[in-house]
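Enquirer: fold the stuff below for me.
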Amino acid sequence: MIDIILLILGIVLCMAGIVGSFIPIIPGPITSWVGILILNLTSAVDFNFYFVIITLIIAVIISALDYIIPIVGVKKLGGSKGGLIGASIGLVIGFIILGPLGIIFGPFVGAVTGEIINKKNLKQSIKPALGSLVGILIGSGIKFCLSMVYLFFYLNIFWNYRDNFF
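Expert: Model (predicted):
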């Protein structure tokens, strides 16, 4: 019975990781990885230490890159720290106000606002804002792909051990 509860919890975490790829509050790949870990901790599945550690390392690296990619995008296109902070705040506020569309428009508007506050004019603010937008979209795409791969791993492991659960 406990294995079924852990199985359900694990799949919920994998799905939450996919959602977390686009919502900055939820660390997508790490959440999906916790789902894989929980599945490996059930008595129905043989614990695969190397698989769990390798997938953890990948999740941590991708999560770290998610913070670095938008910074690189802003810096490559002449942005400032204000633009980056504005893009991050815009992502959260945009998602709250516009839902999934806010993920696209929020960082852009936030970066423009941050650059203007940082004493740049509107024309000078557009280019770094595009850099932050592209960086955030690339980071979200990478997190989404990894979370989908982790869901595939989860389902594959479950399928291989399905007879042990029921």
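Enquirer: pull the residues that contact the helix or strand of the chain with the lowest mean pLDDT.
Expert: Taking mean pLDDT, DSSP states H and E as the measure, helix 81-98 is the helix or strand of the chain with the lowest mean score, a mean of 83. Outside helix 81-98, the residues within contact range by Cβ atoms under 8 Å, 6 or more residues apart in numbering are 22-25, 70-71, 74, 101-115, 117-118, 125, 128-129, 132-133, 136. Backbone N, C-alpha and C define where each C-beta goes, glycine included.
Enquirer: measure residue 110 to residue 135 for me?
Expert: According to Cβ to Cβ, to the nearest Å, residue 110 and residue 135 sit 13 Å apart.
Enquirer: check contacts around residue 136.
Expert: 69-70, 73, 87, 91, 103, 107.
Enquirer: what helices or strands is the helix or strand that the least confident helix or strand of the chain is followed by leaning on?
Expert: Moving toward the C-terminus from helix 81-98, the next helix or strand (DSSP states H and E) is helix 102-117. Under the contact criterion of 3 or more Cβ pairs under 8 Å, 6 or more residues apart in numbering; DSSP states H and E, helix 102-117 touches helix 81-98, helix 122-165.
Enquirer: next, the angle from the longest one to helix 81-98.
Expert: With axes from the mean of the first three to the mean of the last three Cα atoms, to 10 degrees applied, the angle from helix 122-165 to helix 81-98 works out at 60 degrees.
Enquirer: between helix 102-117 and helix 122-165, find me the angle.
Expert: Using the same axes, to 10 degrees, helix 122-165 lies at 150 degrees relative to helix 102-117.
Enquirer: what is the rounded mean pLDDT of helix 122-165?
Expert: Averaged across helix 122-165, pLDDT comes to 90.
Enquirer: and it, how far out from the chain's middle?
Expert: 6 Å (Cα atoms, centre = their mean, to the nearest Å).
Enquirer: residues contacting the spatially most central residue of the chain?
Expert: Using Cα atoms, centre = their mean, the residue of the chain that lies closest to the mean C-alpha position is residue 21, 3.1 Å off. Residue 21 makes contact with 28-29, 140, 143-144, 146-147, according to Cβ under 8 Å, 6+ apart.
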